[in-house]
Every structure is written in structure tokens, then in C-alpha cells.
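Asks: Turn this into a structure:
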Amino acid sequence: MSILIDRSKRVLVQGITGREGQARARLMKEYGTQVVAGVTPGKGGKDVDGVPVFDTIRQAWDECGPIDVSVLFIPAPVVKTAALDSIEGGIGLLVIVPDRVPIYDVLEIAEAARAAGTRFVGPNTLGVISPGKAVLGMIGGQAASARSWFIQGPVGIASRSGGITSSMAYYLAQEGIGATTLIHVGGDVVVGLPLPEVAKLFQTDPETKAMVMFGEIGGSQEERVADLVEAGEVTKPIIAFIGGKAAKSGTRFSHAGAIIEGGRGTHEGKVRRLREVGVTVVEAFGELPRVTKAVLKEHGILP
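Replies: Here you go, the predicted model:
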């Protein structure tokens, strides 16, 4: 099993006729994702690598049948309109790849998604991949590299950094540790599925036995994961690395959401809080594979 994506999910690509949309739709198809339709207003009637293109979500649904997921590769200023169309169209999961989506637009998307019972990943995300099954977005870059880098296994991987998402899975695979699902939650201040929500999804997934998490300064996602552990809502082992140790107040660390403000969201505070509740936090990124293997053996997940 995996969270969010598998071979059965029927996927639509919004912006499929653009350069990124075409390239990433090809990645998804070649990896095994069931890409059934694309939408680009004004381009209906065309096709991209055999995927039919429609002008609207409704047309795609009517012609191709029910759609489970929409992946958005469109300019940031029109993300809100496209996302609301998908939500109103009954699509249950959105993967919003673009960065620089205005925060008030994201808040409107979040409110509409909440009211409709829809989930969304991002904005500013590389997406989601379930190794050996399917990919949403652009993780892996190409199907061949995604197949060679990532292997199936018992660990759920979640990260606030796109590059680190892939790196964690790659280096864990070198140690023979595979993953159920990799998810880049997105680098913006407001995201649809932050780390604590992902942790809850991994908790309910029977094939995910442990979680490896990359956090960073800014916000409270990591502290909220610690709250879930303390409350007994997440009981599976978590191994974490927190980036941004050298950053000072007022410094942004790579992403819009990674900024220390008024002493909140510090590296020290996040590490302390996670360790208080029993999360294993490594001091250096390179320690993750070795420590993860040790924790998995300690819990009987690996022999």
C-alpha cells in the first residue's frame, strides 16, 4: 500500500500542452502513472503523447470518466482558478507544482478544499512518488532515473525540500532501505499537506513501518509532528534531520516558509521538541542512512 498515489489512480494534468506539462506528463506515464487526460483552455481536441487534451475539467471528466488526481503545471497567477475548477469538478487530490503562488490564493484554495473534502500537495512541490507504482509531479526527473534511484520498502519519506526528498530516498536505497511513498510537502509558508498531516497518513498505512523526515527552520510543522507523537496519534518510529542550524533570526533558509521570525521556528527549538517526545534526530544529513538502519533493526523492521 502507499499514501496518495498508486497505479489505480486516474490522473489529469492541467497545463499539459506547456513545456513542463509535456515533459512531466511523459515522466508520469512512462513510470506507470495512469494519466488519462490533460486540460489547457483553448487547446481542446489536441493530444500530448496520446493523452487527450480538453478545454475544461468537466469535458475531461465527461469524456474520460472519473478523475482522482489533478497535477498542475501552470503559471502561478492562474493556479487559483485552475485549482478551484478541479475542486469544484470533484477531483479528490491536487498536486500544485508551481512556486510563487500568492499566499491569499493558497488560503482560498485551502478553504475550498476543506469544504469539499479535497486534499492538495504544495504549492511549490516536486510532488509524490510511490516507488515501483506511480509518480505525481516531477520527482526523479525522468522515469529511468526514478526507477534506478528509488526502491520499495517500509519507510515513508516526507520533506520540506524537493531536492532533499530525492536525496534521502537515494541514500537510503544505497543502504538497502526502500520507501512506501516519498512526498515533498512544498516549500511555501502555507501548504496543503504539511508534515503533521503526512505523518498521520503514514501512521494509518499498514506497509509504512517508520518515517524519515527532513524539516527546517521556520513555521511549526515539526513541533506539530512532536505534538502528535506526544499525544499517541503517531506511534511509528521517526528519524529526522532539521536543516538551517546556522541561520539567525530574520534569515530565510532556501524556501519562503523557512524563516526564523521573532525567535520562533528555530533549529534548536525544533530539535529539542522532537527529542523530548522520542524522535531520533541526527546532527548531520549524512548520518540518516546509518541511523535509520539502526532504528529499523531496533524495532524489528529490518533483520
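
Asks: hey, what's the closest residue to Arg275 other than its chain neighbours bridged with?
Replies: Closest residue in space to Arg275, ignoring its immediate chain neighbours: Val281 at 5.5 Å, by CB to CB, 6 or more residues apart in numbering. Heads up, the C-betas are built off the backbone N, CA and C, glycines and all. Assessed by DSSP bridges, Val281 has beta-bridge partners Ala240.

Asks: ok, Val281 touching Glu268?
Replies: No: assessed by CB atoms under 8 Å, Val281 is found out of contact with Glu268, at 11.2 Å.

Asks: okay, those two: which has more neighbours?
Replies: Val281 (20 against 10; other CB atoms under 10 Å).

Asks: quick one: the strands in the stretch 151-300 of the chain?
Replies: Applying DSSP state E, counting those that start in this stretch to the stretch 151-300 of the chain gives strands spanning 152-159, 179-184, 210-216, 238-243, 280-281.

Asks: The ones you listed: which one's closest to Ala37?
Replies: strand 179-184 (23.5 Å; CB to CB).

Asks: contacting residues around the closest one?
Replies: 1-5, 121, 125-131, 137, 139, 150-162, 165-166, 168-169, 172-173, 193, 198, 202, 205, 207-208 (CB atoms under 8 Å, 6 or more residues apart in numbering).

Asks: List the buried residues of it.
Replies: For strand 179-184, a neighbour-count test (16 or more other CB atoms under 10 Å) marks Ala179, Thr180, Thr181, Leu182, Ile183, His184 as buried.

Asks: same thing with stretch 82-98?
Replies: Using 16+ other CB under 10 Å as the test for burial, stretch 82-98 gives 82-87, 89, 91-98.

Asks: And these, which two are furthest apart?
Replies: Gly92 and Pro98 (20.3 Å).

Asks: now the helices for the stretch 1-150 of the chain?
Replies: With DSSP state H, counting those that start in this stretch, the ranges of helices along the stretch 1-150 of the chain come out as 19-31, 57-64, 79-88, 103-116, 143-149.

Asks: of all the strands of the stretch 151-300 of the chain, which lies closest to Pro75?
Replies: Checking the strands of the stretch 151-300 of the chain against Pro75 by CB to CB gives strand 179-184 as the closest, at 20.1 Å.

Asks: what residue ranges in the stretch 101-250 of the chain are flagged as low confidence?
Replies: Scanning the stretch 101-250 of the chain for pLDDT under 70 picks out the ranges 246-250.

Asks: how about the strands of the stretch 151-300 of the chain, which one is nearest Ser70?
Replies: Using CB to CB, the nearest of the strands of the stretch 151-300 of the chain to Ser70 is strand 179-184, at 16.5 Å.
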